[in-house]
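> this is a predicted model, with the sequence first.
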Amino acid sequence: MHDGEPSGRRQAARSRRARDDAPAKQRKVTREHDSVTAADVSALLALGVTRSQVEDALNVAFVFNVIDRLADTFEFHIGPDAEFEAGARGLLSRGYR
């Protein structure tokens with residue numbers, strides 16, 4: 001262990017706490033985005049989440065929220081599970097192109 005670095009066990013515990021807190025933070029970003037503050041980000045940083053990880057999570061949440069709103073607006077049809085499974089198999093075999 002280097003000076004000031006948390007031990008592996010301590011880092012794992014922080015990661016678990018961050019993961020366990022993630023659904024509440026995701027809901028807040030999605031449903032109460034105007035109430036997200038620097039304190040919310042500071043709480044994540046204190047758990048060991050990096051600034052880059054926070055930015056990545058916010059970017060992913062933004063994209064999914066835009067897609068969800070567009071899907072609702074244009075009344076996208078959601079097919080049966082079998083279609084999703086077929087699509088997933090295709091992506092796994094070919095990848096994104």
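Ah, there it is.
> using the three-state scheme, assign the most centrally placed residue in the chain.
Residue closest to the mean C-alpha point of the chain, counted by C-alpha atoms, centre = their mean, is residue 57 at 4.5 Å. Using DSSP: H, G, I helix; E, B strand; the rest coil, the structure places residue 57 in helix.
> swap in residue 96?
Secondary structure, three-state DSSP: residue 96 is coil.
> please report how far it lies from residue 90.
10 Å (C-beta to C-beta, to the nearest Å). Backbone N, C-alpha and C define where each C-beta goes, glycine included.
> look at the two and report which has more neighbours.
residue 90 (10 against 4; other C-beta atoms under 10 Å).
> and residue 25, how many neighbours?
20.
> name the secondary structure element that contains it.
Under the criterion of DSSP states H and E, residue 25 resides in helix 8-31.
> ok, now which ones touch residue 41?
residue 54 (C-beta atoms under 8 Å, 6 or more residues apart in numbering).
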